[in-house]
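[1] coordinates only, no sequence provided:
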């Protein structure tokens with residue numbers, strides 16, 4: 001029985017070890033076509049892996065950022081792709097709030113590598129507030145106050161005297177014939 005359980009567990013481990021790289025490869029194969037657009041504040045960036053580099057010019061391709069009133073790739077704000085054989089990207093900074101269309105054209109292809117719409121929202125400047133230097137002081141007061149050794153010794157002495165007095169009182173009470 002133990003041998004069967006060991007083989008079963010080993011088989012599941014081997015299956016998981018084989019399936020994980022295949023799942024990761026399938027995810028990147030699906031992402032190979034098209035583009036991925038993201039915004040951070042007033043910056044719009046695009047990433048793709050669909051383009052190949054032109055050997056003579058060294059250019060991967062061009063991205064174009066179009067406003068809602070622009071209709072063609074040539075009318076948009078262009079930026080050259082840079083990167084490696086795995087991933088190429090470009091970015092546009094100081095983009096005003098609004099809805100935009102990003103089109104990526106590879107250097108050697110006449111059809112777009114991808115087209116995607118993106119919304120750039122107005123951002124507010126975050127305000128910096130000072131955080132408490134000693135943490136949160138919860139409780140009824142002084143929860144984070146640092147007491148010195150004299151205060152701690154006096155408190156320990158009072159607790160000790162209280163324990164001794166309680167023991168003496170209970171001992172006296174246990175013997176009713178004493179007054």
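    Structure's in. What do you need? Predicted model only: the values in this text are computed from it and were never measured.

[2] just the residues contacting whichever strand or helix holds residue 116, thanks.
    Assignment of secondary structure by DSSP states H and E places residue 116 within strand 112-120. Residues lying outside strand 112-120 but in contact with it, judged by C-beta atoms under 8 Å, 6 or more residues apart in numbering, are 33-39, 42, 44, 46, 48, 50-51, 61, 73, 95-106. Bear in mind the C-beta positions are built from the backbone N, C-alpha and C, glycine included.

[3] excluding residues flanking it in the chain, which one is nearest residue 75?
    The shortest distance from residue 75 to any residue that is not its chain neighbour, by C-beta to C-beta, 6 or more residues apart in numbering, is 6.5 Å, and that residue is residue 66.

[4] quick check: bridge partners of the one you found?
    Bridge pairing for residue 66 (DSSP bridges) gives the partners residue 101.

[5] what's it in contact with, if anything?
    The contact partners of residue 66, by C-beta under 8 Å, 6+ apart, come to 72, 73, 75, 76, 77, 100, 101, 102, 103.

[6] in TSV: the residues you listed, plus pLDDT, distance to residue 158 and neighbour count.
    TSV is the format used below for the contacts of residue 66 (pLDDT from 0 to 100; distance: C-beta to C-beta, whole Å; neighbours: other C-beta atoms under 10 Å):
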residue	pLDDT	distance to residue 158	neighbour count
72	86	86	9
73	86	83	17
75	90	84	12
76	90	79	20
77	91	76	14
100	91	72	24
101	90	76	18
102	91	73	24
103	90	79	20
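
[7] what ranges do the helices span in this protein?
    With DSSP state H applied, the chain shows helices at 2-31, 149-174, listed in chain order.

[8] lowest average pLDDT across those helices?
    Ranked by mean pLDDT, the helices of the chain bottom out at helix 2-31, which scores a mean of 44.

[9] phi, psi for the closest residue to residue 64 other than its chain neighbours please.
    Take residue 64 and drop its neighbours on the chain: the residue closest to it by C-beta to C-beta, 6+ apart is residue 76, 3.4 Å away. Summarising the backbone geometry of residue 76 under the convention degrees, to the nearest 10, its torsions are phi -80, psi 170.

[10] for residue 76, list the residues it contacts.
    Under the criterion of C-beta under 8 Å, 6+ apart, the neighbours of residue 76 are 64, 65, 66, 67, 70, 101, 103.
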